[in-house]
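# pasting a predicted model and its sequence here:
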Amino acid sequence: MDPKDTKKEYTNGEITVVWQSGKCIHSGNCVRANPDVFQPKDKPWIKIDASTSEKIMEAVNKCPSGALSFYKNE
């Protein structure tokens, strides 16, 4: 797998956030929208348990490139 095009999933049981590195344009919208969850200097950089699912979904929806997406778990 190309390290410049990785796909990672982070779940809190209710939702799963999907990050595709190859699409990321580093706009920072996710960090500004929810800095408790999106912490690009840390690993893992998405702290899925640091916020409510609703707030996470709102932040993900602000991603202009589609690098971040989510789905609801059943």
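Thanks, I have it.
# hang on, F70 packs against V17?
Yes: counting by CB atoms under 8 Å, V17 is a contact partner of F70 at 4.9 Å. The way it works is simple: take the backbone N, C-alpha and C, and place the C-beta from them, glycine included.
# looking at the two, which one has more neighbours?
Between F70 and V17, counted using other CB atoms under 10 Å, the more crowded position is V17 (23 against 20).
# before we move on, the earlier item: which residues do F70 and V17 both contact?
Taking CB atoms under 8 Å, 6 or more residues apart in numbering as the contact rule, F70 and V17 both touch 56, 60.
# gap between P44 and R32?
Separation of P44 from R32 (CB to CB, to the nearest Å) stands at 19 Å.
# so where do the strands sit in this structure?
Ranges of strands within the chain are 7-11, 15-20, 68-72, based on DSSP state E.
# and the closest residue to K47 other than its chain neighbours, what does it touch?
In this structure, K47 finds its nearest non-sequential neighbour in V37, 5.3 Å apart by CB to CB, 6 or more residues apart in numbering. V37 makes contact with 30, 46-48, 50-51, 55-56, 59, according to CB under 8 Å, 6+ apart.
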